[in-house]
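J.: What shape does this take:
(one chain, ligands or ions: 2)
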Amino acid sequence: MRIAVLIDLMSEDPGHHDPVAEQVAAALRDGEHEPVIIGVWRDLKRVIDDLKAAQPDLVFNLCESFGDALFGAVGIVGVLDLLGLRYTGGGPGEFYMQQDKALTKKLLAFDKIKYPEFAVFSQDSDFETGGNLRMPLFVKPLRQDASIGIGANALVDNFRDMMKRIIAIHDKINDAALVEEYIDGREIYVGVLGNAMPTALPPIEIDFSGFPEGTPKIMSSKAKWNKRSAEYKGTNSVIADLPDELKARVQKVALDAYRALRVRDYGRVDMRLTPSGDIYVLEVNASCYLERDSEFAHSAKVVGMSYVQLVNEIVDLAVERHGIRDAS
Ligand SMILES: Nc1ncnc2c1ncn2[C@@H]1O[C@H](COP(=O)(O)OP(=O)(O)O)[C@@H](O)[C@H]1O
Ligand SMILES: [Mg+2]
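T.: Ligands and ions are numbered 1, 2, ... in the order given. You can find the predicted model right below:
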């Protein structure tokens, strides 16, 4: 198949994007497909022209933004729909629900999946809360990902610091603020693959044991992206060592959350596990980060699925879902 790998650019330079696009393209080539990378940068006409020129049988969608637009990723898949293209991962409706972490909680609630109690502080309306929240609290943007706006000061133990963080998120990130009860526990990620019958991959745990003393053990933006920081160096993702019963429960919660949020093809559920065995879902990452060294790719490897197999399995899932038959 001819597959367009769609990726957001970090500047106008068409080569300036996350290395994941080349990795996925190489894996597709190994799967006998014909990939072409299309970069997306603030010019919708160019995206449409490039897609039309490529005439792909399928779009492998790695695009997470469009300029500064809050719902850029939602808009891009909307465009793919309007162009009549088939693509991996969710559509605009799914992405909208998954991106808004409060809406996610409301959907989880219906299936009785636990999540941290929360309140939303919007810029332009009254705050919304289900009840009293207990300190310490965690303040983060409502609709960002990649730990944007999340540093050590996200964890607060008094009203003044909470308000400071809320205002900073309004002013600097231009998003509503989500205030959650802080869940002190192990950080667990579960990758899920599939549609009608999704399967959960082995749980991955973030090992914070090398974290700098006195810094809250959270996946801040430093811990995720700043390779020179003590937080980055102090974290390590490992296969979670869980007793069978607990592992099965964690995977069940991940599958329930994946279904509740209507994730398509693949995704990763971020959770926290308390010492008393309660499992809280922090968020559901539909079409999660697919870099070769990502937690998702690691957990696939544990069940014997190579990176090439993983990427091509996602293609097969999308093909099956779209009912593309004679695609070659
Ligand atoms: N309620 C919470 N309790 C404890 N830690 C949290 C909570 N919310 C977020 N975190 C920490 O912040 C990190 C990023 O939060 P998350 O909601 O996953 O946002 P992102 O979409 O940016 O990944 C989590 O991986 C976790 O370490
Ligand atoms: Mg996360």
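J.: Name every strand pairing with the helix or strand encompassing Y189 and say which way it goes.
T.: Element membership of Y189 [criterion: DSSP states H and E] is strand 186-193. Using DSSP bridges, the strands paired with strand 186-193 in its sheet are strand 199-200 (antiparallel), strand 204-207 (antiparallel), strand 266-273 (antiparallel).
J.: Of those strands, flag the one that's most buried.
T.: The highest average neighbour count among the strands paired with strand 186-193, using mean count of other Cβ atoms under 10 Å, belongs to strand 266-273 at a mean of 25. Backbone N, C-alpha and C define where each C-beta goes, glycine included.
J.: and it, does that touch ligand 1?
T.: Yes - Strand 266-273 lies within reach of ligand 1 by Cβ under 6 Å from any ligand atom, at 270, 272.
J.: So what's the model's average confidence on that strand?
T.: For strand 266-273, the mean pLDDT works out to 98.
J.: After that strand, which helix or strand is next?
T.: strand 279-286.
J.: what's across from the residue most central in space within the chain in the sheet?
T.: Centroid-nearest residue in the chain: N285, 2.9 Å away (criterion: Cα atoms, centre = their mean). Per DSSP bridges, the residues bridged to N285 are R268.
J.: about what we covered before: if you average the pLDDT over the strand holding Y189, what comes out?
T.: 98.
J.: cool, stretch 225-237 as well?
T.: Stretch 225-237 comes out at a mean pLDDT of 94.
J.: Please apply the same query to stretch 61-70.
T.: 93.
J.: Pull the residues that contact that stretch.
T.: 5-8, 18, 20-21, 24, 40-42, 44, 72-73, 75-77, 80, 87-89, 143, 145-146, 174-175, 287, 290 (Cβ atoms under 8 Å, 6 or more residues apart in numbering).
J.: before we move on, what about stretch 156-165?
T.: By Cβ under 8 Å, 6+ apart, the residues outside stretch 156-165 that reach it are 135-139, 153-154, 177, 179.
J.: By mean pLDDT, flag the weakest helix or strand of this protein.
T.: The helix or strand of the chain with the lowest confidence, counting by mean pLDDT, DSSP states H and E, is strand 128-129 at a mean of 74.
J.: now for that one, which elements pack on it?
T.: Helices and strands touching strand 128-129, by 3 or more Cβ pairs under 8 Å, 6 or more residues apart in numbering; DSSP states H and E, are strand 118-121.
J.: okay, now the domains of the protein?
T.: In terms of domains, the chain is parsed into 2-97, 117-181, 184-322 (source: automatic domain parsing).
J.: out of these, which comes closest to T104?
T.: Closest of those to T104 is domain 184-322, at 5.9 Å (criterion: Cβ to Cβ).
J.: now the domains of the chain in a markdown table, with distance to L107?
T.: Formatted as a markdown table, these follow (distance: least, Cβ to Cβ, whole Å):
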| stretch | distance to L107 |
| --- | --- |
| domain 2-97 | 6 |
| domain 117-181 | 13 |
| domain 184-322 | 5 |
